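Novice: Sequence and computational prediction follow.
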Amino acid sequence: MYLQRFLMTSVVAVSGLFISACATGPSAPDVSGRYQCGQLDVTVAKADDGDMLGIDYRGERLLLKPKVSASGALYVARDDDGTSFWSKGERATFTVKGEVYPECLQAGALEMPFQAAGNEPFWHVQVDDGELLFHRPFESGEPEIVAIDTVVANRHGREFRGELDGQQLTLKVARQLCEDSMSGSQFPAQVRLEMNGEVFKGCGGDPYRLFRGAEWVVEDLAGAGIIDSSRMTIEFLGENRMAGLASCNRYGGQYEIKGEGVSFGGIFSTRMACAPALMAQEHRFLELMAKVTSAAIGRRGELVLTTSSGETITAFQSTESKATQ
């Protein structure tokens, strides 16, 4: 009887350990690190309290809990499913209160598919899933598919190599601001294509990443500065939406970035009344915004919007938490 009771107790104990191990399951992948979501810098790290994940951005900190996901690692806010961080490999998606930021990339990583092009002669490539879709320089025929390997992957960029017609083809991508030699449009990456002993330079990446993810605070309006203690902001959002503060009222509208520049349209605003000087500044700001034809990032990281008549709006990224504004 003693032996039988001992064996039954042992089986229960072992079974309990097995069930406990199964319930715990494999640990979630480590998503810690720094990401760049367009112009937004995000730092991700495990929080002190259990499995929670800490997200630091714009002077704020979010605590997210793990949630089951078909792939990758998913974390959500306790009381808000519209705030989440989903990561797989070196890419992630960050959403705050339903607003999705540009794809988050670890240092040197590229959005996929990644596209790049150069001029004189024109060439174009698209990188995706170990393949290069390649429009050759000097040729206007159908693109060719080249199998490629990633031979360099570091915080500065990527280098891919493949073979075409017995010749080695190399594509080098550096995460540095690039200006197209013909249109003057800016892109987030400088690209160098090497083939047959020749070198072709160009630009690549999604130009929207240069403007999205930041709240831009206006510091100069057409060379006249701004009224002390007043505030004008510009924020480029998803689905080609823009929004901000115009001095007194909130405003919104649509924007589009094209090869030849940028345009704003459908601008609307609330109708609060403020001091006459603020109202005059707001009117001037919205008037200039409607006439903007180009957007560029300056040497100090500033946003410069230029109208068709050459007047400019200059703004810098906000360093304040939205909670303190």
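Specialist: Good, I have the coordinates.
Novice: I'd like to know which elements the one helix or strand His283 maps to is packed against.
Specialist: Assigned by DSSP states H and E, His283 belongs to helix 276-289. For helix 276-289, the elements it packs on are strand 215-221, strand 261-269, strand 303-307, strand 312-317, judged by 3 or more C-beta pairs under 8 Å, 6 or more residues apart in numbering; DSSP states H and E. The C-beta positions use only the backbone N, C-alpha and C, and glycine is treated the same way.
Novice: what's in contact with the first one?
Specialist: Outside of strand 215-221, the residues within contact range by C-beta atoms under 8 Å, 6 or more residues apart in numbering are 58, 225-226, 231-235, 244, 281, 284-285, 288, 302-303, 312-318, 322.
Novice: And the buried ones among those, selectable in ChimeraX?
Specialist: Burial among the contacts of strand 215-221 is assessed by 16 or more other C-beta atoms under 10 Å; the matching ChimeraX selection reads:
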select :58,226,231,232,233,234,235,244,281,284,285,288,303,312,313,314,315,316,317,318
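Novice: From Thr319, how far off is Trp216?
Specialist: Distance of Trp216 to Thr319, given as C-beta to C-beta, to the nearest Å: 12 Å.
Novice: okay, those two: which has more neighbours?
Specialist: Ranked by neighbour count (other C-beta atoms under 10 Å), Trp216 and Thr319 place Trp216 first, with 22 against 9.
Novice: With the flanking residues excluded, which residue is spatially nearest to the more buried one?
Specialist: Leaving aside its chain neighbours, Trp216 sits nearest to Ala315 (3.8 Å; criterion: C-beta to C-beta, 6 or more residues apart in numbering).
Novice: again, but for Arg78
Specialist: With C-beta to C-beta, 6+ apart as the criterion, Arg78 has its nearest non-adjacent residue at 6.0 Å, and that residue is Lys65.
Novice: so what's that neighbour up against?
Specialist: By C-beta under 8 Å, 6+ apart, the contact list for Lys65 reads Asp51, Met52, Leu53, Tyr75, Val76, Ala77, Arg78.
Novice: Spit out the contact partners of the second one.
Specialist: Met52 is in contact with Lys46, Leu63, Leu64, Lys65, counting by C-beta under 8 Å, 6+ apart.
Novice: Ok, the fifth one next?
Specialist: Under the criterion of C-beta under 8 Å, 6+ apart, the neighbours of Val76 are Leu64, Lys65, Lys67, Thr83, Ser84.
Novice: Please give the number of neighbouring residues around Ser309.
Specialist: Neighbours of Ser309 (other C-beta under 10 Å): 9.
Novice: Please point out which parts of the host helix or strand of Leu171 sit buried.
Specialist: The secondary structure element spanning Leu171 is strand 167-174 (assigned by DSSP H and E). Within strand 167-174, the residues that count as buried by 16+ other C-beta under 10 Å are Leu169, Thr170, Leu171, Lys172, Val173.
Novice: Need the contact partners of that strand.
Specialist: Contacts of strand 167-174 (C-beta under 8 Å, 6+ apart): 110, 114, 116, 125, 127, 132, 134, 146, 148, 152, 156-163, 189-196, 204.
Novice: For Ala315, see how far away Gly298 is.
Specialist: Note on Gly298: its distance to Ala315, by C-beta to C-beta, is 10 Å.
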